[in-house]
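Peer 1: Return a 3D structure for these sequence lines:
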Amino acid sequence: MTSTASTATAPAADARTLGLAHYAARGILEHVLARHGATFQQQITLRAAVTADTPRTADELVAQVRGYLKADPAGIRVTLDELLAEKLLVEDGAHLRPTDAGRELIAAVVAETAPLTARVWAGIPSEDLAAAGRVLALVTERAEAELAALTA
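Peer 2: Numbers count the residues shown, from 1 in each chain. A predicted model of the protein is given here:
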């Protein structure tokens with residue numbers, strides 16, 4: 001696979017390049033989700049429920065998704081209502097559990113995106129991935145600290 005930017009001419013990582021990479025990758029996922037009639041926020045929320053070790057309450061899912069997306073809790077609650085209406089989640093007392101249909105949706109999205117994602121990441125040297133991982137972890141930590149200061 002040919003890259004459009006060699007390492008000699010690639011721009012230094014900054015907020016813009018991070019954003020462009022994020023939206024390019026998210027575009028792939030959203031294309032797949034659209035075929036299933038699902039949104040990005042629905043997929044993130046449903047996946048949090050599907051991958052949880054134990055069933056979560058609505059409040060726990062809202063907090064988890066808010067931590068991931070920095071989204072408004074009211075909007076996440078609307079997403080929970082959508083997932084319940086579509087029978088991808090079901091209420092079980094105080095907890096929300098994914099239905100078989102919800103699990104099948106997540107499995108289908110994972111299966112469809114896996115080969116696309118593999119091609120995106122193919123051929124990137126492991127040392128580059130490790131360096132990028134360290135930088136992204138630090139950027140995330142610092143951005144979350146700045147956001148916390150702004151919202152305190």
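
Peer 1: Give me the residue at the spatial middle of the chain.
Peer 2: Ile44 (5.3 Å; C-alpha atoms, centre = their mean).

Peer 1: from memory that residue sits against Val65, does it?
Peer 2: Yes: with contacts counted by C-beta atoms under 8 Å, Ile44 reaches Val65, the gap being 5.8 Å. Quick note: C-beta positions are derived from backbone N, CA and C, even for glycine.

Peer 1: between the two, what contacts are shared?
Peer 2: Listed as contacting both Ile44 and Val65 by C-beta atoms under 8 Å, 6 or more residues apart in numbering is no residue at all.

Peer 1: picking that back up, so what secondary structure elements neighbour the helix or strand where the residue nearest to the centre of the chain lies?
Peer 2: Element membership for Ile44, per DSSP states H and E: helix 40-51. Counting contacts by 3 or more C-beta pairs under 8 Å, 6 or more residues apart in numbering; DSSP states H and E, helix 40-51 packs against helix 15-35, helix 58-69, helix 73-85, strand 95-98, helix 100-121.

Peer 1: Mean pLDDT and distance to Ala132 added to these, as JSON lines?
Peer 2: JSON lines is the format used below for these (pLDDT from 0 to 100; distance: least, C-beta to C-beta, whole Å):
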{"stretch": "helix 15-35", "mean pLDDT": "96", "distance to Ala132": "10"}
{"stretch": "helix 58-69", "mean pLDDT": "97", "distance to Ala132": "19"}
{"stretch": "helix 73-85", "mean pLDDT": "98", "distance to Ala132": "29"}
{"stretch": "strand 95-98", "mean pLDDT": "98", "distance to Ala132": "32"}
{"stretch": "helix 100-121", "mean pLDDT": "98", "distance to Ala132": "11"}
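
Peer 1: if you compare these, which one is most tucked away?
Peer 2: Most buried of the helices and strands packed on helix 40-51, by mean neighbour count (mean count of other C-beta atoms under 10 Å): strand 95-98, with a mean of 20.
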